[in-house]
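Undergrad: Output the structure for:
(chains A and B)
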Amino acid sequence: MMPLNVRIGFFLALRALRRASPWTTSLIIFVMILTFLNLVVISGILVGLLQGAINAARTKYTSDVIVSSLNDKQYIENSQNIIALIETLPEVEAITPRYREGGILEANYKTRKETDKPNTAVAQVIGIHPLRENTVTGVGADIIEGSFLREGDYDMVVLGHYLVKKYIPIESPAFTSLENISIGTKIRLKVGDVMREVTVKGIIKTKVDDVSLSAFMVDSQFRSMIGRNDGNVDEIAIKLKEGVDPIGVKNALILRGVAKEARVQTYEDAQPQFLKDIIATFRMLGNVFSSLGLVVATTMIFIVIFINALTRRKYIGILKGIGISGRAVEFSYVFQSIFYAVIGSAAGLALVYGFLVPYFLAHPIDFPFSDGILVAPVEQTFFRVGLLVVSTIVAGYVPAWMIIRKNTLDSILGRN
Amino acid sequence: MIETKQLVKTFRSGSVVTPVLKGIDFRARAGEWVAIMGRSGAGKSTFLYQMSLLDDPTGGEIRIDGENAHAMSANEKMLFRLFRFGFVFQDYALLPELTALENVALPLLMADLGKGEAYARSTAALGRAGLGARLNNLPSELSGGEQQRVSIVRAVAHEPKILFADEPTANLDNDSARRIMEIFTELHRAGQTIIMVTHEMEYAKLAERIVHIDDGLIVSEERR
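TA: Residues are numbered from 1 along each chain as shown, chains lettered A, B, ... in the order given. Below is the predicted model of the structure:
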């Protein structure tokens, strides 16, 4: 059974809330909802911008786990054995082995005069099996001009949109792209000492640099360009079945000795360090904003409860005058504060998980480097709910305590 | 039952010191009805507040059933007000968000009576005061007379040893005031000790004893 002061506090709080002005109650709850959103959404969107980039890299390039060549090796040795091993894992849904080499693309070389500057762009050239690549990354759906590669395509390339000037009109000596090209344009592709004339079949646009700065061609043809006929590839992107933990699969591959011949990374490991640093910074910024929001909310509740207690000072005095303990009155204000915090947080939770998270998933914020989503991990959100409730309890208790400790008669008579 | 010796109350505002009670000796026995009268500012309400432990005197002594109030902690005074005193305020002092029934039941609940018993006792007491049909009305839905009756019922529902009343008819019309005084008379007949501050001689005469205060001192007493 609850202690007497708690019971009386609950009795008073319940009636105070039930008979309070609906406008006042709604206003306080509205402010609590805004505070909750401030706590969760601001940092959630900041982190979500980067999470969107990570998600895009995962979806469009690395997939869930990526196996790539060791730093001191040109390619993954014993690739075929590793591919066979990966395909035996029950967690794996599909894989796409890739060949990668740096290359130079040149356009307008037929019309260029001797004195003209060559129209070139540096690119990663990636040899893929179109069907397998599309199964894993679905990049075929990101074609904005022309069409994606097919298995029998010969001397055809698909270009990332950063390689095409009309999509990225940047004038910089450090960044070159191809001018005056469209679907069907013939360009020259040079990989190592081998040069080929290829036709632009499609242009692909994603927010993942590994795709946007690459030229794709069919793997069988690319192999002949780089002179690699031993079946060894440069990387293998692995798509896992729904719900499978990439870390588990990474560990399984390492356990089976893959790490001796290749680097095994989850999509998170494969993110560049600067991106991880930015995420950490954004998280910290989000926490700073959230803390400020929490201070504002606490102050607001303090002011609301203080004004409430001040205007009800006479009644607090009467309560004490008729023998109701100060502690019971304090509990009544604490319960009222809990009510506002819990209802505000509950409405905020419903708004975040029922509307905002699905909305931003369906309609991401279009940033140049990512499709920003709202990241609101449940455990972090509930931690913030806890913070909000605790700070609201403090903000409700302190002003009540301040008023209650005043002289009973002074409170009743309104004397200072 | 309740006794004051050389009771002094002084108010201080900055360097200005205002003595309101200047050494009052007073005694009321169990079951007695005492009316305290005096002109405005004479100190009668202040005297009542000291006796009912709503305020702390500057000097002197208050003894209740032999216990020295000066030695009591704030919590003990609160328990005294809860269990042994009842107080009727001039402006009724009902809690606006509680119904008539809840206003009366609240001190009983604080006295750790079960909700059922507290509500049953409150309902019966309000019924006896002619408020049986107004149990679930908020104070704002009651007339001044009804509010004061609820206030009296609240003050006596826990059967206090002493009922203090500070000008209980001051804000009421004649009919309501007479009805309140009838209740006081009934309570007194039932053995209730009452100490009441009033301006109205007509109602003071209902008491057994009238104490006149002026300039912070008892200047005369008349027994009836």
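Undergrad: show me where the chain has strands.
TA: Just going to use chain A. A:65-68, A:92-107, A:119-128, A:143-146, A:156-160, A:186-191, A:194-204, A:214-218, A:235-240, A:263-266, A:365-366, A:371-372 (DSSP state E).
Undergrad: that's the wrong chain, I meant chain B
TA: Along chain B, the segments classed as strands by DSSP E run B:2-13, B:16-28, B:33-37, B:59-64, B:67-68, B:85-88, B:162-166, B:193-197, B:209-214, B:217-223.
Undergrad: closest to chain A out of those strands?
TA: Checking those against chain A by Cβ to the nearest Cβ gives strand B:85-88 as the closest, at 6.1 Å. (C-beta placed from N, C-alpha, C; glycine too.)
Undergrad: hmm, the closest one in reach of chain A?
TA: Yes - shown here: strand B:85-88 in contact with chain A (Cβ under 8 Å from any Cβ of the partner chain) through B:85, B:87.
Undergrad: Check which helices and strands that strand sits against.
TA: With contacts taken as 3 or more Cβ pairs under 8 Å, 6 or more residues apart in numbering or on different chains; DSSP states H and E, strand B:85-88 sits against helix B:144-156, strand B:162-166.
Undergrad: Output the ones you listed as CSV; include the columns mean neighbour count and distance to chain A.
TA: Converted to CSV, these look like this (neighbours: other Cβ atoms under 10 Å in any protein chain shown; distance: least, Cβ to the nearest Cβ, whole Å):
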stretch, mean neighbour count, distance to chain A
helix B:144-156, 24, 7
strand B:162-166, 24, 10
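Undergrad: need the ones you listed in JSON lines with mean pLDDT and distance to B:Val197, can you?
TA: Shown next, in JSON lines, are the helices and strands packed on strand B:85-88 (pLDDT from 0 to 100; distance: least, Cβ to Cβ, whole Å):
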{"stretch": "helix B:144-156", "mean pLDDT": "92", "distance to B:Val197": "14"}
{"stretch": "strand B:162-166", "mean pLDDT": "95", "distance to B:Val197": "5"}
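Undergrad: Of all those, which one is nearest A:Ser21?
TA: Closest to A:Ser21 of these, according to Cβ to Cβ: helix B:144-156, at 21.2 Å.
Undergrad: OK, now which residue of the stretch 101-250 of chain A is nearest to chain B?
TA: When scored by Cβ to the nearest Cβ, the stretch 101-250 of chain A has A:Gly243 as its residue closest to chain B, at 51.4 Å.
Undergrad: How about the stretch 1-150 of chain A?
TA: A:Arg19 (4.1 Å).
Undergrad: per-residue confidence at that residue?
TA: Per-residue pLDDT puts A:Arg19 at 88.
Undergrad: Verify the stated contact: it with B:Glu97.
TA: Yes - with contact defined as Cβ atoms under 8 Å, A:Arg19 reaches B:Glu97; the gap is 4.1 Å.
Undergrad: Give me the common contacts of these two.
TA: Counting by Cβ atoms under 8 Å, 6 or more residues apart in numbering or on different chains, the shared contacts of A:Arg19 and B:Glu97 are B:Leu138.
Undergrad: just the CA coordinates of stretch A:5-16, formatted as PDB?
TA: Only the C-alpha atoms of stretch A:5-16 are listed here, as PDB (Å, rounded to 0.1, in the frame of the first residue of the first chain):
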ATOM      1  CA  ASN A   5       1.500  11.300   1.800                       C
ATOM      2  CA  VAL A   6       1.800   9.700  -1.600                       C
ATOM      3  CA  ARG A   7      -1.800   8.700  -1.600                       C
ATOM      4  CA  ILE A   8      -3.000  12.200  -0.600                       C
ATOM      5  CA  GLY A   9      -0.600  13.700  -3.100                       C
ATOM      6  CA  PHE A  10      -2.100  11.500  -5.800                       C
ATOM      7  CA  PHE A  11      -5.600  12.400  -4.700                       C
ATOM      8  CA  LEU A  12      -4.900  16.100  -4.900                       C
ATOM      9  CA  ALA A  13      -3.000  15.800  -8.200                       C
ATOM     10  CA  LEU A  14      -5.700  13.800  -9.900                       C
ATOM     11  CA  ARG A  15      -8.300  16.400  -9.000                       C
ATOM     12  CA  ALA A  16      -6.100  19.300  -9.900                       C
END
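Undergrad: returning to that earlier point: the more surrounded of A:Arg19 and B:Glu97?
TA: Set side by side, A:Arg19 and B:Glu97 show more neighbours around B:Glu97, with 20 against 13, by other Cβ atoms under 10 Å in any protein chain shown.
Undergrad: Would you enumerate the residues in contact with the more buried one?
TA: A:15-16, A:18-20, B:138.
Undergrad: at 7 Å instead, please
TA: Each residue near B:Glu97 by Cβ atoms under 7 Å, 6 or more residues apart in numbering or on different chains is listed here: A:15-16, A:19.
Undergrad: Show which residue of chain B lies farthest from the average position.
TA: Ranked by distance from the centre of chain B (Cα atoms, centre = their mean), the top residue is B:Ser15, with 32.3 Å.
Undergrad: gap between that one and B:Asp215?
TA: 22 Å (Cβ to Cβ, to the nearest Å).
Undergrad: One more: B:His70?
TA: Applying Cβ to Cβ to B:His70 and B:Asp215 gives a distance of 24 Å.
Undergrad: and if you look at A:Phe355?
TA: Distance, A:Phe355 to B:Asp215, using Cβ to Cβ: 72 Å.
Undergrad: Same question for A:Glu261.
TA: Taken as Cβ to Cβ, the span from A:Glu261 to B:Asp215 is 107 Å.
Undergrad: For those two, work out which one has more neighbours and name it.
TA: When neighbours are counted by other Cβ under 10 Å, A:Glu261 and B:Asp215 differ, and A:Glu261 comes out ahead with 19 against 14.
Undergrad: How about the contacts made by B:Thr198?
TA: B:35, B:37, B:167, B:169, B:204.
Undergrad: Tabulate the residues you listed in JSON lines, adding columns for distance to chain A.
TA: As requested, the contacts of B:Thr198 are exported to JSON lines (distance: Cβ to the nearest Cβ, whole Å):
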{"residue": "B:Ala35", "distance to chain A": "21"}
{"residue": "B:Met37", "distance to chain A": "21"}
{"residue": "B:Glu167", "distance to chain A": "13"}
{"residue": "B:Thr169", "distance to chain A": "19"}
{"residue": "B:Ala204", "distance to chain A": "23"}
